[in-house]
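Novice: what's the 3D shape of this:
(chains A, B, C, D, E and F)
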4 protein chains.
Amino acid sequence: MDHRITSSTKDEALVKKRLNQLQKGAVQLFKQKGFHRATTREIAKAAGFSIGTLYEYIRKKEDVLFLVCDAVHDEVKTRMENVIDRNSTSEEALRQAVFAYFQIMDEMQDEVLILYQELKALPKEEQEYVMQKEREMVGILERVISNSYANVLDEKNVKLVANNVYVQGQMWGFRRWLIQKEFTLQEYMEMQYQLLKSQLAFQAT
Amino acid sequence: MDHRITSSTKDEALVKKRLNQLQKGAVQLFKQKGFHRATTREIAKAAGFSIGTLYEYIRKKEDVLFLVCDAVHDEVKTRMENVIDRNSTSEEALRQAVFAYFQIMDEMQDEVLILYQELKALPKEEQEYVMQKEREMVGILERVISNSYANVLDEKNVKLVANNVYVQGQMWGFRRWLIQKEFTLQEYMEMQYQLLKSQLAFQAT
Amino acid sequence: MDHRITSSTKDEALVKKRLNQLQKGAVQLFKQKGFHRATTREIAKAAGFSIGTLYEYIRKKEDVLFLVCDAVHDEVKTRMENVIDRNSTSEEALRQAVFAYFQIMDEMQDEVLILYQELKALPKEEQEYVMQKEREMVGILERVISNSYANVLDEKNVKLVANNVYVQGQMWGFRRWLIQKEFTLQEYMEMQYQLLKSQLAFQAT
Amino acid sequence: MDHRITSSTKDEALVKKRLNQLQKGAVQLFKQKGFHRATTREIAKAAGFSIGTLYEYIRKKEDVLFLVCDAVHDEVKTRMENVIDRNSTSEEALRQAVFAYFQIMDEMQDEVLILYQELKALPKEEQEYVMQKEREMVGILERVISNSYANVLDEKNVKLVANNVYVQGQMWGFRRWLIQKEFTLQEYMEMQYQLLKSQLAFQAT
DNA sequence: CATGAATGAGCCTTCATTCAT
DNA sequence: AATGAATGAAGGCTCATTCAT
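Specialist: Residues are numbered from 1 along each chain as shown, chains lettered A, B, ... in the order given. Just a heads-up that it's a prediction; the model follows:
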């Protein structure tokens, strides 16, 4: 699943299976207690095997966090790519992408929360790696926006707007205690999209 | 400084002074290591006194975090209120407020980072308290926006826009590894403000 | 050994063995320093394992004390029951029981001392449990006395006499600094028994 | 109050007053929490002055315990001596003394409990001192018994009986959870006295 | 004399990690 | 490959004692 985690095991298929169990279990656990409060014993249990076995597949507790972060990003990215029509330049394509993104962020609230709050618990190098994944995600949004409004916005503005949208998606889950008390998901998506359009429309004038 | 932290000591002035030392030291420390990795002994040292003395002024390690969160909010709020002209309804007032806010967020990047990442380490009740402070902060922005564009935006849109601006301010520091590589603060402020205006302008049409 | 102490470990045999080591070591240690002055590290060492291992078998330091109290009572009780002839109603049976009891108290002086002095260090619930065991012990003596002199003493007197004997046995160890300087064990046993008999004899007249 | 506790203070009257406050407060406190669980701060507070002042009159926490033990013994002794008619040799005198002793033990249950349970917390030397006081107390009982039944019991028997009575008195409070559930004080006194008399009477035959 | 703020040694407990089976 | 018992470093917190005011 990732070269960064070296296990002594060789059987590729098994390793994959175990790491998958691990990541699945860990996400559930981290949702409840966060990374710091979860013990390695609990992680092993959540994954369905023993401490001893856990350490056959990871070297440090942090590796589990990395695994989770990585998996979350991968899932978000995969889902986004399935939805986006790269060739379309229509406004409708933008709408679709943005709504899809918000939808995904809604469904993966807890996972995103983990990612946000525990990132700094990773070693520098792995933080870099995760950040890179974030950049890619923003990049996807940039492309969509740019495809739809290429002639309206300069590159820098696209970057900023994409970043704003990206953050707005995350905040839906991250600041749920505030936002989700004021808006339904439908409202939030719709209104943010209208604001987005108004930005683009205005610049076009 | 806050009634939640009961110290056994009585001398109000001294308590204030010590809690201030503590908060100042803790912010510096948490910037480097985060709350979890910082030991109580390190916190005490950073504050300039011994463990024993530390526990004369707090009851649990978490109290230090709370102290920091509280102080950060207070400072942001105070600064904002000094800058905002509550009576003015001009567009210029909005610009001033937004720029001031971004400026403050820039100066207090590290503090805000701590606040964001460690909030969930607080006990539920104190999380509530901190969230309430966030709501107040957003409320300030709401008022400014609403004052300037009362007739343009409905209440709900004001809420959303205010929240967006608030988050954008925090993200300047929180996602610095991305944003600050693409924009200078001036650019960021200016561009975000232009986007904001375009939203408002468009709605007005 | 006791359901009250839940260890995370599963292997029953090992748990039994470890708890036994623990109890044995703890008694030796508590004899020297008492419960309060003994550190958990010292307890672990005395038991022959590390701190970490200690806490695989107990949850709180108090648990060790409880373990010891429980074991002491169990041993005293078992020994007594092995000696007592439940069917005999002869005076000889009483003599045998009383002497056996004093003998046991002599051999287990230190353990009894611990039990006496540290009982109140236990949480209320466990104090209750230990007290119940004491009641049972006194109950055994009651039965022996009552068997031998049923027609002589009313129930209440039996209770009182049994309690007196019980306490006299404990005091042999507990007040050794006084009693053992004045009497040999043989003397003490013999004389106390004579006094006991005289009480019973007199009531019978 | 006692030469063992050296205070830097000179004013004899004040010292006496302070030590008295201290002892009075400490007894109340120890009754509730025991010696170990009581902090020096709490002791100072209970005595009505500050920590700093506390340490003007004692050198170690243990000194407070010693003070208390000493005071308890003194009070018991004084009370006993007020009651006992040293010259009387009648049986009535014995009855009076024993009843008085039980009565005192009833009234001073908590104090005696402290004394019993915390003795071993004292340094060896002071333990000795307290034990000496116990010996004196037993001595008083010996004398009373011996006065009444001099010609009946040999010296050793008197010692034993006196010790038994002494212990029975303490146990009224110490094992209250058992004894006081079965007997009223009146019953206990009366019955123990009857048993005592039966011992003496029997020996006399 | 009295005060109480400051100190830091030391305690209990947790938990990531290892390793023999 | 899997297990889980064992380990001990490290952390949070308490509290007896001191000392400057």
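
Novice: Now do the SS call for whichever residue of chain A sits closest to chain C.
Specialist: Residue of chain A nearest chain C, by Cβ to the nearest Cβ: residue A:41 (8.5 Å). Where you see a C-beta, it was placed from the backbone N, CA and C, and this is true even at glycine. Look at residue A:41: counting by DSSP: H, G, I helix; E, B strand; the rest coil, its state is helix.

Novice: what do you get for the one 3 residues further on?
Specialist: Each residue gets one of three states, and residue A:44 gets helix by three-state DSSP.

Novice: where's it relative to residue A:65, distance?
Specialist: Separation of residue A:44 from residue A:65 (Cβ to Cβ, to the nearest Å): 15 Å.

Novice: In chain A, where is pLDDT below threshold?
Specialist: Residue ranges of chain A with pLDDT under 70: A:1-10, A:86-87, A:150, A:203-205.

Novice: Nearest to the middle of it, which residue? Look it up for me.
Specialist: Per Cα atoms, centre = their mean, the C-alpha nearest to the average position across chain A is that of residue A:73, at 4.0 Å.

Novice: That one is in contact with residue A:133, isn't it?
Specialist: Yes - under the criterion of Cβ atoms under 8 Å, residue A:73 makes contact with residue A:133 at 4.2 Å.

Novice: How are the helices of chain A distributed by residue range?
Specialist: Using DSSP state H, the helices found in chain A span residues A:12-37, A:40-47, A:51-57, A:61-83, A:91-107, A:109-118, A:124-149, A:155-174, A:176-182, A:185-204.

Novice: Redo these as TSV? Include distance to residue B:33.
Specialist: Supplementary listing: the helices of chain A in TSV, determined by distance: least, Cβ to Cβ, whole Å:
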stretch	distance to residue B:33
helix A:12-37	13
helix A:40-47	21
helix A:51-57	26
helix A:61-83	15
helix A:91-107	30
helix A:109-118	15
helix A:124-149	13
helix A:155-174	23
helix A:176-182	27
helix A:185-204	36
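
Novice: Any idea which of those helices gets closest to residue B:201?
Specialist: Smallest distance to residue B:201 across these (Cβ to Cβ): 5.8 Å, for helix A:185-204.

Novice: Could you quantify the relative orientation of that closest one and helix A:124-149 as an angle?
Specialist: 70 degrees (axes from the mean of the first three to the mean of the last three Cα atoms, to 10 degrees).

Novice: Helix A:185-204 and chain B in contact?
Specialist: Yes - using Cβ under 8 Å from any Cβ of the partner chain, helix A:185-204 reaches chain B at A:187-188, A:191-192, A:195, A:198-199, A:201-203.

Novice: And for stretch A:57-72?
Specialist: No - on the criterion Cβ under 8 Å from any Cβ, stretch A:57-72 is out of touch with chain B, staying 12.2 Å away.

Novice: Which of the residues in that stretch are classified as buried?
Specialist: Buried residues in stretch A:57-72, counted by 16 or more other Cβ atoms under 10 Å in any protein chain shown: A:57-58, A:61, A:63-72.

Novice: would CSV of those with distance to residue D:149 be doable?
Specialist: CSV is the format used below for these (distance: Cβ to Cβ, whole Å):
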residue, distance to residue D:149
A:57, 84
A:58, 82
A:61, 77
A:63, 84
A:64, 81
A:65, 83
A:66, 87
A:67, 87
A:68, 85
A:69, 89
A:70, 92
A:71, 90
A:72, 90
